[in-house]
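> show me the folded form of this:
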Amino acid sequence: MGKYLNQKPVLVAVDCIIFGYDGDQLKLLVIKRAIEPVKDQWSLMGGFIGDTEDLDGAAKRILLELTGLHDVYLEQLHSYGRPDRDPIERTISVVYFALIDINKYNKQINDQYHAEWFKIKEVPELIFDHNEMVKAAMAKIRYQAALHPILFELLPKKFTIPQLQALYEQVYDSPIDNRNFIRKITASGLLIKQTEKDKSNSRRGAFYFKLDKNKHKAQFQSFLNFIPKTIK
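Purely as a prediction, here's the structure:
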């Protein structure tokens, strides 16, 4: 089998945007870039696709090698191919985003590449077009969260209403009226109330809840009710 004539090879990379939630703050995981150019500057997790890999396989491998993370929610976002996006060679980047519960996976994260969590509003300037990628990922998550329970990937199996509300507020960058949120989420029937309470923040405590995935399937688009009005 021959090669295509007069065609210059192009590199293909995969970049992974890792969002995490610790029950209080929505955060982004970034690393110090290990190679030139812009060595030691803040970067998303990334690497080049191998000869025998497909895109999903490369994304999973890069996550595992750079962070130690595996079996997490991972979704392909977009491809970036501006000719000058990488100063060394023409490189197309296929971007994925991951959603994790920080408390569940924090001990797995590999510190070899100086991985560090930043609050979503305090993310430093990233290399190349990585800030643009993060912005696009946030827009996709906001859209997806209105229709699907993807934000629950950021939560533990059992969570409190205040934790859920804080997460929605940070994802949509908008305050939510507490009583209105509780009323809507209670009326939705999407959550299963547990007998245990979280008493870490008050003596009275807050009941834990779980998402009823079966009810959500029967009530598609039900999460639209929880989005702040300023976003709709």
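> now Val95: closest residue in space, sequence neighbours ignored.
Excluding the flanking residues, the one nearest Val95 by CB to CB, 6 or more residues apart in numbering is Leu77, at 4.5 Å. To be clear about C-beta, it is placed using only N, CA and C from the backbone, and glycine gets the same treatment.
> A strand includes the one you found, no?
Yes - assigned with DSSP: H, G, I helix; E, B strand; the rest coil, Leu77 falls within a strand.
> my guess is it contacts Ile17. True?
Yes - the criterion here is CB atoms under 8 Å, and Leu77 meets it with Ile17 at 7.3 Å.
> between these two, who's got more neighbours?
Ile17 (25 against 18; other CB atoms under 10 Å).
> so what sits opposite that one in the bridge?
Phe97 (DSSP bridges).
> OK, contacts around it?
By CB atoms under 8 Å, 6 or more residues apart in numbering, Ile17 lies in contact with Leu28, Leu44, Leu77, Val95, Tyr96, Phe97, Ala98, Met133, Val134, Ala137.
> phi, psi of the fourth one?
Which is Val95. phi -100, psi 140 (degrees, to the nearest 10).
> what residues are up against it?
Taking CB under 8 Å, 6+ apart, one finds Val14, Asp15, Cys16, Ile17, Gln76, Leu77, His78, Ser79, Tyr80, Met133, Ala136, Ala137 in contact with Val95.
> equivalent analysis for Gly50, please.
By CB under 8 Å, 6+ apart, the neighbours of Gly50 are Ala58, Arg61.
> so how far is Lys135 from the residue nearest to Ile62 when sequence neighbours are not counted?
Once flanking residues are discounted, Ile62 sits nearest to Gly47: 4.6 Å by CB to CB, 6+ apart. As judged by CB to CB, to the nearest Å, Gly47 and Lys135 stand 22 Å apart.
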